[in-house]
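Q: Need the 3D shape of this:
(chains A and B)
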2 protein chains.
Amino acid sequence: MSTDVALGRESAMRSGPIDDAFATLARRPDVISFAVGAPDPALLPGDLVASLTAAAIAKHGNTALQYGLTQGFPPLLEQARILLGGRGIGCSPERVHISTGGSGALHNLCMAQLYPGGVVLVETPTYGPAVKVFRSHGALVVEVASDADGMLPEALDNALAQHDPAFVYLLPTFQNPTGRTMPAVRRAQVAEVITRRGALVVEDDVYADLRYRGEPLPTMWSFAPDRTVYITSLSKTLAPALRIGIAVLPDDLLEPVLALKQGIDMQTSAFNQAIAAEFLGTEVGAAHLSVLVKSYAAKLHTVVAALDEYFPAGFTWTEPDGGMFVWVAGPTGFDADALVVPALNRGVAFLPGSAFFAAPDAPRNAIRLSFASVPEHRIEPGIELLGGLCA
Amino acid sequence: MSTDVALGRESAMRSGPIDDAFATLARRPDVISFAVGAPDPALLPGDLVASLTAAAIAKHGNTALQYGLTQGFPPLLEQARILLGGRGIGCSPERVHISTGGSGALHNLCMAQLYPGGVVLVETPTYGPAVKVFRSHGALVVEVASDADGMLPEALDNALAQHDPAFVYLLPTFQNPTGRTMPAVRRAQVAEVITRRGALVVEDDVYADLRYRGEPLPTMWSFAPDRTVYITSLSKTLAPALRIGIAVLPDDLLEPVLALKQGIDMQTSAFNQAIAAEFLGTEVGAAHLSVLVKSYAAKLHTVVAALDEYFPAGFTWTEPDGGMFVWVAGPTGFDADALVVPALNRGVAFLPGSAFFAAPDAPRNAIRLSFASVPEHRIEPGIELLGGLCA
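A: Below is the predicted model of the structure:
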């Protein structure tokens, strides 16, 4: 095992900035937290879940409490296919399975595809916790140059000439951490490179349903259906605590991933799957989603207006079409990492942009603002405070 | 990577005899299935879980639906400590965490402890799916000679002189597949070897609460608290589909296992944890358990009586004090593997004993009977049929 791989694996076994201790601190009621990428707790549908639970048990009886099939609880698999169809993913039913959250799907894939020293190519910036997952499997995580539209096709082509990666990891829609979305033309270009080079791409699409303006784009999967692992989840639309993910695999990964999943958690909770099937299969799901979208869209508007008002010259930010994140970049010399503790002391939490790079020399001039879980009336005061600290 | 390790890892990526296809077949309503180690579906508490869900949401509100702490949902951690205390495990609170089923706890540990080529020592026979898990992490699984009381201390001592294993895997109480229980004296002897050799032991104790006679024995943990990973679960007493496990770790494994768990499934469903906390924290839990114990004890009695009645001379079987399994050993030359398909064709499912060995030359003369999920009135006809086929 190379030193890089060994160090990476060791680092993945240590706590990081979004682990329990920080999470506890950032959740203190007196702190305005832009740190945690979680849904608005006030909009989590407690009463709805209680009634969906009663309906699921009435419908499925004890089947919903027993060991189930590794692929998934059939009624949810059926609903998942409808949801995927709505996103233009018309794959054969056996390619779909239910995972324990979107993160579970990613972990299962890593178990099948990654060996110590294997390479994963990522965007810059990228979803930080995914880098940690890849490293926990012994991967060498290699950054590929990216711009405001996501990974650059020519940079990917060059990287694929140099490396034979286990996969390329992308979050093309409302990216965590930047909020950016890869345009359709770029998706087609990236898919062309992936296909020509015989590579595999992971499309992490867990924010797809949180669109506040514009029309949905074709998925990366639609450009390279046999070379894409597609992952989505109900954590952002129903509830994180149900831990329900949906994954679509190429044919050759079906058997290894499901065989390995048996050893990882046997199967995703059939009980939670039965509840999720009720949510997706009735109109309450769509109604709840429209409430979320309306509320988060208003919050995003408030964030951008407050940034305009309170952030000093030299700072720029993304204005995403959906999702939960705004990325604020400061001028050269601005050190967001040095601001984390002073901000917490003043009552505002955020994650520094450096947490979202794989390379050790990550730029330190950016701030990720996760706005969905912040109460509407605290957004402006929080950003005013942060803006003052940035000045 | 050695050939053994590579082949083992590859085999772990293929489906096995208790995978979805077989499970579907063995669950056909016309088949009397002694194959699946699942609770009695008729005793799974659907209405109770619906009311516990309502109570949990009323009590915890949306906290039960949000992302939670990786270690666990605090009210369940509290109940877990009480449950562990009742088994004589009085460890410090930070050593306890909630896993996604007992299998999730084992997988998390493997992520932290196993590297390709690492060794795991197991009993003969041992819990087959665990062997597959170890191999999926690249382990070399080495058998240690065992008798009716479990692993032999002197054989373990010799194995530890030869190998430096990541851990020794034991299921000391109501073992799956044999039903045997390691006596207290043997536990103390094994713990002495573990401690003297500086090894780590995994005590898989998921059947502990299903005791039908006799007094509980001291856990392996109690003999070697700093060298034991203790794993238990609510799958056999509340419901498998909730996927709730409880794990106790030595201090030096706390940070790596929890850091890795973040990348595996982030956290175990807080929703299901809140339901489990209600189950353990109220009298309904104890009442439900006593119903289970009474029913399963009667079934075990029926199994043994039917074996006495219908099995030919030359066959012997265990008479466990608890759990879900009876192990039937045939005479030399008896081939249980060859009986699986003929038995299924006649309407009886079972797993051959050979599925519970790590070595390729597994003995083929045993049958594992899992009786808990078989309806009481079908046990005798099923065993009569099997006995006829064995004759």
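Q: use CA for all of it now, contacts and neighbours both
A: Fine.
Q: can you tell me if stretch A:132-149 touches chain B.
A: Yes. Against chain B, stretch A:132-149 shows contacts by C-alpha under 8 Å from any C-alpha of the partner chain at A:Lys132, A:Val133, A:Ser136.
Q: Tell me the residues of the stretch 101-250 of chain A that contact chain B?
A: With the criterion set to C-alpha under 8 Å from any C-alpha, the stretch 101-250 of chain A comes near chain B through A:101, A:103-104, A:107, A:111-112, A:129-130, A:132-133, A:136, A:239-243.
Q: Would you check which pair of these lies furthest apart?
A: Taking C-alpha to C-alpha as the measure, those span a maximum distance of 27.6 Å, between A:Ala112 and A:Ala239.
Q: Compare the two (neighbour count), which wins?
A: Each of A:Ala112 and A:Ala239 has its neighbours counted (other C-alpha atoms under 10 Å in any protein chain shown); A:Ala239 has more, 28 against 23.
Q: Name the residues of stretch A:284-291 that come out as buried.
A: A:Gly285, A:His288, A:Leu289 (16 or more other C-alpha atoms under 10 Å in any protein chain shown).
Q: Ok, stretch A:73-91 next?
A: Quick answer for stretch A:73-91 (16+ other C-alpha under 10 Å): A:73-84, A:87, A:89, A:91.
Q: Widest-spaced pair of those?
A: Farthest-apart pair in the buried residues of stretch A:73-91 is A:Phe73 and A:Arg87; separation 21.1 Å (C-alpha to C-alpha).
Q: residue contacts, A:Asp47?
A: B:Ile57 (C-alpha atoms under 8 Å, 6 or more residues apart in numbering or on different chains).
Q: err, A:Asp337, not the other one
A: A:Pro352, A:Gly353, A:Ser354, A:Arg364, A:Asn365.
Q: Also A:Tyr296?
A: A:Tyr212, A:Met324, A:Phe371, A:Ala372.
Q: Do I have it right that the second one meets A:Val374?
A: Meaning A:Met324. No. Taking contacts as C-alpha atoms under 8 Å, A:Met324 lies outside contact range of A:Val374: 10.5 Å.
Q: Would you mind telling me which of the two has more residues around it?
A: A:Met324 (30 against 23).
Q: mind checking how far that one is from chain B?
A: A:Met324 sits 15 Å away from chain B, going by C-alpha to the nearest C-alpha, to the nearest Å.
Q: gap between that residue and A:Asn272?
A: Distance check for A:Met324 against A:Asn272: by C-alpha to C-alpha, to the nearest Å, it reads 24 Å.
Q: The one residue sitting closest to the centre of chain A: helix or strand, and which one exactly?
A: Centroid-nearest residue in chain A: A:Val206, 5.2 Å away (criterion: C-alpha atoms, centre = their mean). Under DSSP states H and E, no helix or strand contains A:Val206.
Q: Which residue, other than its chain neighbours, is closest to it?
A: Among residues not flanking A:Val206 along the chain, A:Thr232 sits closest, at 4.4 Å (C-alpha to C-alpha, 6 or more residues apart in numbering or on different chains).
Q: Wasn't that neighbour part of a strand?
A: Yes. Counting by DSSP: H, G, I helix; E, B strand; the rest coil, A:Thr232 is part of a strand.
Q: If I look at it, what pLDDT would I see?
A: Looking at A:Thr232, its pLDDT is 98.
Q: how about the strands of the stretch 251-391 of chain A, start to end?
A: Along the stretch 251-391 of chain A, counting by DSSP state E, counting those that start in this stretch, strands occupy A:316-317, A:325-329, A:348-349, A:351-352, A:366-370.
Q: So which of those is the most surrounded?
A: A comparison of these by mean neighbour count, using mean count of other C-alpha atoms under 10 Å in any protein chain shown, puts strand A:366-370 on top with a mean of 27.
Q: and that strand, does that touch chain B?
A: No. Shown here: strand A:366-370 not in contact with chain B (C-alpha under 8 Å from any C-alpha), separated by at least 14.4 Å.
Q: do stretch A:342-355 and chain B meet at all?
A: No. Using C-alpha under 8 Å from any C-alpha, we find that stretch A:342-355 stays clear of chain B, coming within 15.2 Å at best.
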